[in-house]
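>>> sharing a sequence plus its predicted fold:
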Amino acid sequence: MKWEVADVVAIHEETPTARTLMLRIPGWAGALAGQHIDIRLTAPDGYQAARSYSLSSAASDELAAVSVELMPDGEVSPYLVRGISVGDQLEVIGPLGGWFVWRPEQQEPIRMIGGGSGVAPLVSILRTHIASGNTAPVSLLYSVRSPEFVYFRDELESLTASAGGEVTIQYTRHAPPAWQGTLGRLDAARITEWADAGTAASGAGAAAPSTYICGPTRFVELASDALVASGVDPMTIRTERFGGA
Amino acid sequence: MGIVTPGFFGKHREADPKLPPGQYETKDFPVLSAGPTPNIHAGEWQFSITNESGDVKRWTWDEFMALPIETVDTDIHCVTRWSKFGTSWRGVSLDTLFADVETDAGYTMAHSYGGYTTNVPLEDLLDGKAWVAFEFGGEPLDPEHGGPARLLVPHLYFWKSAKWITGLTMHETDELGFWEVNGYHAYGDPWKEQRYYYDS
Ligand SMILES: Cc1cc2nc3c(=O)[nH]c(=O)nc-3n(C[C@H](O)[C@H](O)[C@H](O)COP(=O)(O)OP(=O)(O)OC[C@H]3O[C@@H](n4cnc5c(N)ncnc54)[C@H](O)[C@@H]3O)c2cc1C
């Protein structure tokens, strides 16, 4: 594996502060759902900066998709969200990561919790699940500030529905008018309640689910601590921490 | 040098000789873990070294605290590309822990609460190169960062500094640990950029 020069073939404005980049990577042979790539930028004097971005594309997609959230003081994300245009080139290496992955052979129910841009690899799992015809039950709990910050807004519901599952969105600051939930951050009680409802729906005797949790580090800590405290086996929980203090 | 990215100039400009290739400096302390953070109380914590014949040396927390404690000031380098300069730790040197261990094996596997493992050659743990650390920046080590105690092998990428460590086992051959099976490099020298399994 080596650094490849990828073409940016399409850009989708995901939210007011995030973009999805579609990349054509030479020699790309797909990825496992949940994996990431590293993107490297080079200044005219040779200075380089590289960061990791999770793939949201399905395992076998020809184009690699990443979604980048703008960190206002960041070095790389402002460039990827504001600076780049279709036709530009970026250096990338990957796919990377062998643990935060879902394989179509897995038959146990899939439980996913995402915060903000952390939904990206979970969408890859959804897409791969659909493409593979896997019938394991899927559920997704997604925490997001307000409706305009929902990633993959147009697809999220149809994707989870096609995967035979359900998406629960938790709005933390503003909710759409018809929304039934209670505004506010996810806390241990809400996470446990959601997880228990899922377990009840799967029925007695269902295999123990695999849980995938992804997002800012604080968010991942909170969600995984809540599940462990409620008795979920830690070895069934896979996490991807995106960073942040 | 790769292709120039038009319009990119970068922010962390200083070319710091303390920075291994491909790394950037951060003042934060990001967290790299594969799963939930285990919550281990010092009272239940134990550390052991098991040699290739199966002989075990074991320490409880209190026994551990009675060993000579060293202060370590060092830079650390994470495989996810951040480096943190001048971190300060307190812990017990592996030289102290290995003083009475009889072994001819050249490799160790570090075992952690939660089931994680990582492989490190014995020579990388001895001669003042590694510690079992329980304090960071003058405070007890946070669970998120590996508390109550983690391995500290600062000359290798930081995943080798196994969080929540509970023991080392000795091996004749270099077997891969959890992180290495899942794609990270078998050895992990930041100065040679040995991040992933395919890096030479
Ligand atoms: C495996 C992996 C996958 C990732 N996937 C994605 C992804 O799909 N989409 C995405 O947008 N990012 C993702 N990230 C985070 C990404 O790699 C960068 O850290 C992020 O884009 C910030 O980079 P920067 O150069 O703009 O900021 P930097 O210059 O590196 O940092 C600027 C400041 O932003 C803070 N910061 C960094 N990340 C976060 C965060 N998540 N929340 C809050 N504060 C933060 C830093 O602590 C720092 O203070 C992933 C990280 C990892 C390790």
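Perfect, thanks for sending it.
>>> distance of the residue nearest to residue A:162 when sequence neighbours are not counted relative to the ligand?
Residue nearest to residue A:162 in three dimensions, not counting chain neighbours: residue A:130, with 5.0 Å by CB to CB, 6 or more residues apart in numbering or on different chains. Using the backbone N, CA and C atoms, a C-beta is placed for each residue, glycine as well. Here the distance between residue A:130 and the ligand works out to 20 Å (CB to the nearest ligand atom, to the nearest Å).
>>> same check on residue B:136?
18 Å.
>>> doesn't residue B:145 make contact with that residue?
Yes - judged on CB atoms under 8 Å, residue B:136 makes contact with residue B:145 at a distance of 6.3 Å.
>>> residue contacts, residue 78?
This is for chain A. Under the criterion of CB atoms under 8 Å, 6 or more residues apart in numbering or on different chains, the neighbours of residue A:78 are A:70, A:71, A:72.
>>> let me rephrase: I mean chain B.
Counting by CB under 8 Å, 6+ apart, residue B:78 touches B:30, B:32, B:157, B:158, B:159.
>>> quick check: the farthest pair among those?
Comparing all pairs in the contacts of residue B:78 by CB to CB, the longest separation belongs to B:30 and B:157, at 13.3 Å.
>>> more neighbours: which of those two?
Per other CB atoms under 10 Å in any protein chain shown, whichever of residue B:30 and residue B:157 has more neighbours is residue B:157, with 27 against 19.
>>> that one reaches residue B:192, doesn't it?
No - when contacts are counted by CB under 8 Å, residue B:157 is not listed as touching residue B:192 (10.4 Å).
>>> need the overlap of contacts for these two.
Residues touching both residue B:157 and residue B:192 by CB under 8 Å, 6+ apart: none at all.
>>> tell me the contacts of the residue nearest the centre of chain B?
When chain B is reduced to its mean C-alpha position, the nearest residue by CA atoms, centre = their mean turns out to be residue B:161, at 0.8 Å. Listed by CB under 8 Å, 6+ apart, the contact set of residue B:161 reads B:76, B:146, B:150, B:151, B:152, B:153, B:154.
>>> picking that back up, what do residue B:136 and residue B:145 both touch?
Between them, residue B:136 and residue B:145 share no contacting residue, judged by CB under 8 Å, 6+ apart.
>>> ok, then the element right after the longest helix belonging to chain A?
In chain A, with assignment by DSSP state H, the single longest helix is helix A:188-202. Remark: after helix A:188-202, the chain's next helix or strand is strand A:210-215, criterion DSSP states H and E.
>>> got the angle for that following strand vs helix A:188-202?
Taking axes from the mean of the first three to the mean of the last three CA atoms, to 10 degrees, one finds that strand A:210-215 is oriented at 150 degrees with respect to helix A:188-202.
>>> in the helix or strand just after strand A:210-215, what counts as buried?
Using DSSP H and E, the helix or strand that directly follows strand A:210-215 along the chain is helix A:217-229. Taking 16 or more other CB atoms under 10 Å in any protein chain shown as the neighbour-count basis, helix A:217-229 is seen to contain the buried residues A:217, A:219, A:220, A:221, A:222, A:223, A:224, A:225, A:226, A:227, A:228.
>>> tabulate the residues you listed (JSON lines), appending distance to residue B:177 and pLDDT.
Output for these, formatted as JSON lines (distance: CB to CB, whole Å; pLDDT from 0 to 100):
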{"residue": "A:217", "distance to residue B:177": "23", "pLDDT": "94"}
{"residue": "A:219", "distance to residue B:177": "27", "pLDDT": "96"}
{"residue": "A:220", "distance to residue B:177": "22", "pLDDT": "96"}
{"residue": "A:221", "distance to residue B:177": "23", "pLDDT": "94"}
{"residue": "A:222", "distance to residue B:177": "28", "pLDDT": "95"}
{"residue": "A:223", "distance to residue B:177": "26", "pLDDT": "96"}
{"residue": "A:224", "distance to residue B:177": "21", "pLDDT": "95"}
{"residue": "A:225", "distance to residue B:177": "25", "pLDDT": "95"}
{"residue": "A:226", "distance to residue B:177": "28", "pLDDT": "95"}
{"residue": "A:227", "distance to residue B:177": "25", "pLDDT": "95"}
{"residue": "A:228", "distance to residue B:177": "22", "pLDDT": "94"}
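>>> so is the longest strand seen in chain A next to the ligand?
In chain A, taking DSSP state E as the definition, the longest strand is strand A:4-15. No - where contact is defined by CB under 6 Å from any ligand atom, no part of strand A:4-15 touches the ligand; the two come within 9.9 Å at best.
>>> which strands and helices lie in contact with that strand?
Applying 3 or more CB pairs under 8 Å, 6 or more residues apart in numbering or on different chains; DSSP states H and E, one finds that strand A:4-15 contacts strand A:18-24, strand A:89-96.
>>> could you check the angle strand A:89-96 makes with the helix or strand following the first one?
By that I understand strand A:18-24. Following strand A:18-24 in sequence order, the next helix or strand is strand A:36-42 (DSSP H and E). What separates the directions of strand A:36-42 and strand A:89-96 is an angle of 150 degrees, with the same axes, to 10 degrees.
>>> rewinding a little: which among the contacts of residue B:161 gets closest to chain A?
residue B:146 (13.7 Å; CB to the nearest CB).
>>> tally of neighbours for residue B:7?
For residue B:7, the neighbour count with other CB under 10 Å is 14.
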